[in-house]
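Colleague: mind folding the following:
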Amino acid sequence: MNKQAKIKKPARLRAGASALCVLVVLPLFPSPVFAQERERPRTLMDMLFGGRQREMRDGRQLREEEPRVRRPPPRERSVSRPQTPRTTPSVTQMRTTAPAAPVTKLENARRVLVVGDFLASGMGDELTKTFASSPAIAVDVRANGSSGLVRADYYDWLSNLPNFIQEVKPAAVVIMLGSNDRQLMMIGDLREKYGTDLWFKEYERRIDALATIVSRQKIPLLWVGLPAFQSPSLTTDFVGFNRLYRNHTEKHGGEFVDVWDGFVDEGGKFIITGYDVNGQQARLREADGIGMTQAGKRKLAFYVEKFLRRHVDTAAPEQDLNASNLPALTSLPALGIDAGQVRTQPISLTDPELDGGNALLGDRPAPATIRETPRELLIKRGEIADAPLGRVDDYRMPTPDTETEE
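Modeller: This is a model prediction of the structure:
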């Protein structure tokens, strides 16, 4: 008995220890109901923006799945392609009307002679393009870029201009000189420095002699003034030159073409970029501040063109009309007027007898005498009309006749 009791006692101890372990371990595993009670309730922000969500599966709380990391797509190998050449300009240029095609000049066309230095050469070329479509006007340019009135030893205009006039027989002469004349002048055997009184006296004599050559031939003379230059000293001296050109040209019956305002700003200062003949901003002068660009030459010619048309267009050569060059008749007058038609004299719309009367409706003769109103007497003469007899403001003394009547 004692031996069997001793064998059963360790078995009972092991069973009790196992039950005790079960009781200790069970509280470590919470029930599903307890897990649900500890879960955080969903808020409005979670519902709107998709907050953290928890799911219960098989009574066990699952962790929120971590967001999957998106791997970037594999980079494509870049292939460098050669850039295609640009076919359009970087600056949009304004389209202008194409110049008119030149026409054949008439045998008796009016000719314009342009003489002078490098400025006259560029201006003359633009005048040639301007009148290219006019069959009755031709432009002859006889210019020397480095010439002037000072260096007669290099090019003498006083001796060459009469030959040009005899050869061309112009209807008008355009002169533009002076850009190269600020230099030493030879007066006989004397070398005279620029700016002295003797220098200017001789220079005026040569201007006068050149204008006399044209006026003696009874030809209209146009002397184009010098524009402003980038050099302040040149600009100052050329203002005085223009004054001399104007005085001597007008003395001989010619016209002075003033182009100064076209190449300066509102303050009278030199400009490289300004308005062209179309009113658009364009570069008018070269980088040296002396030469003219194509737009500048065209602007010079535009000033001269207005004066030339007054002398040349109004005196266009007459054309001989014969059976071969008569204009075509596009319409003929109506024929077959009715013989019984009664013809009347034309009636003027301003004729007062048109409606049977020569007086306006309601017209009354003016009165022989005009009587001024009390208002006019007060305003014009300062006189007050007498108050009516017996009124409170009548301060006249009663006369005997008035007392008798009372």
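Colleague: pull the number of nearby residues for the closest residue to G124 other than its chain neighbours.
Modeller: The shortest distance from G124 to any non-neighbouring residue, by CB to CB, 6 or more residues apart in numbering, is to V141 (3.3 Å). Where you see a C-beta, it was placed from the backbone N, CA and C, and this is true even at glycine. V141: 18 surrounding residues under other CB atoms under 10 Å.
Colleague: which residues does the helix or strand where V141 lies contact?
Modeller: Assigned by DSSP states H and E, V141 falls within strand 137-143. Strand 137-143 has contacts (CB atoms under 8 Å, 6 or more residues apart in numbering) with 105, 109-118, 120-121, 124-125, 127-128, 131, 160, 164, 168, 170, 312-313.
Colleague: report the buried members of these.
Modeller: Taking 16 or more other CB atoms under 10 Å as the criterion, what is buried in the contacts of strand 137-143 is 105, 109-118, 120-121, 124-125, 127-128, 131, 164, 170, 312.
Colleague: picking up where we left off before, can you give me the buried ones in the next helix or strand after the strand holding V141?
Modeller: Using DSSP H and E, the helix or strand that follows strand 137-143 in sequence is helix 157-168. Residues of helix 157-168 classed as buried: 157, 161, 164-165 (neighbour count, 16+ other CB under 10 Å).
Colleague: then the following helix or strand past helix 157-168 to PDB, C-alphas only?
Modeller: Sequence-wise, the next helix or strand downstream of helix 157-168 (DSSP H and E) is strand 172-176. What follows is strand 172-176 as a C-alpha-only set of coordinates in PDB (Å, rounded to 0.1, in the frame of the first residue of the first chain):
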ATOM      1  CA  ALA A 172      16.600 119.600-112.100                       C
ATOM      2  CA  VAL A 173      20.000 119.400-110.400                       C
ATOM      3  CA  VAL A 174      20.500 117.900-106.900                       C
ATOM      4  CA  ILE A 175      23.700 118.800-105.000                       C
ATOM      5  CA  MET A 176      24.900 117.200-101.700                       C
END
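Colleague: which elements pack onto the helix or strand following strand 172-176?
Modeller: Next helix or strand after strand 172-176 toward the C-terminus (DSSP H and E): strand 185-187. For strand 185-187, the packing partners by 3 or more CB pairs under 8 Å, 6 or more residues apart in numbering; DSSP states H and E come out as strand 190-192, helix 197-216.
Colleague: which residues are contacting the longest one?
Modeller: In other words, helix 197-216. In contact with helix 197-216 (CB under 8 Å, 6+ apart) are residues 149-150, 157-158, 161-162, 165, 173, 175, 177, 181, 185, 187, 192-193, 221, 223, 244-245, 248-249, 251-254.
Colleague: try 7 Å
Modeller: 149, 157-158, 161-162, 173, 175, 185, 187, 192-193, 221, 244-245, 248-249, 252-254 (CB atoms under 7 Å, 6 or more residues apart in numbering).
Colleague: one more: stretch 265-273?
Modeller: By CB under 7 Å, 6+ apart, stretch 265-273 touches 228-230, 235, 263-264, 281-285, 289.
Colleague: excluding chain neighbours, what is closest to D153?
Modeller: Nearest one to D153, counting by CB to CB, 6+ apart, is M186 at 6.5 Å.
Colleague: what pLDDT does the one you found get?
Modeller: Per-residue pLDDT puts M186 at 91.
Colleague: run a quick neighbour tally on it.
Modeller: 13.
Colleague: how about it: which residues does it bridge to?
Modeller: Under DSSP bridges, the beta-bridge partners of M186 are R191.
Colleague: from here on, call the first residue 655.
Modeller: Will do, 655 is the new start, and the previous item becomes M840.
Colleague: roughly how far does it sit from N834?
Modeller: 15 Å (CB to CB, to the nearest Å).
Colleague: now do I873
Modeller: 25 Å.
Colleague: ditto for T782
Modeller: 23 Å.
Colleague: just put the buried residues of helix 811-822 in CSV and tack on distance to A949 and pLDDT.
Modeller: Formatted as CSV, those follow (distance: CB to CB, whole Å; pLDDT from 0 to 100):
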residue, distance to A949, pLDDT
W811, 28, 95
L815, 30, 95
F818, 29, 95
I819, 31, 95
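Colleague: of those residues, closest to L954?
Modeller: W811 (19.4 Å; CB to CB).
Colleague: and for that closest one, nearest residue in space, chain neighbours not counted?
Modeller: L864 (6.1 Å).
Colleague: burial check on the one you found, number of neighbours?
Modeller: 22.
Colleague: near V893, how many other residues are there?
Modeller: Neighbour tally, V893, other CB under 10 Å: 14.
Colleague: which other helices and strands does the host helix or strand of it contact?
Modeller: Under the criterion of DSSP H and E, V893 resides in helix 886-905. Helix 886-905 makes packing contacts with helix 851-870, strand 875-878, strand 909-911 when contacts are defined by 3 or more CB pairs under 7 Å, 6 or more residues apart in numbering; DSSP states H and E.
Colleague: as TSV, those with mean pLDDT and distance to L962 would be great.
Modeller: Below are those laid out as TSV (pLDDT from 0 to 100; distance: least, CB to CB, whole Å):
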stretch	mean pLDDT	distance to L962
helix 851-870	95	14
strand 875-878	96	7
strand 909-911	95	10
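Colleague: okay, now the unreliable bits of the protein?
Modeller: Along the chain, the parts satisfying pLDDT under 70 run over 655-755, 968-997, 1005-1017, 1019-1023, 1052-1060.
Colleague: can you rerun that using 50?
Modeller: 655, 657-661, 687-691, 707-720, 732-735, 740-751, 969-975, 985-986, 989 (pLDDT under 50).
Colleague: just the helices in it please.
Modeller: Counting by DSSP state H, the chain has helices at residues 656-679, 686-692, 698-703, 772-784, 811-822, 851-870, 886-905, 948-966, 1028-1030, 1054-1059.
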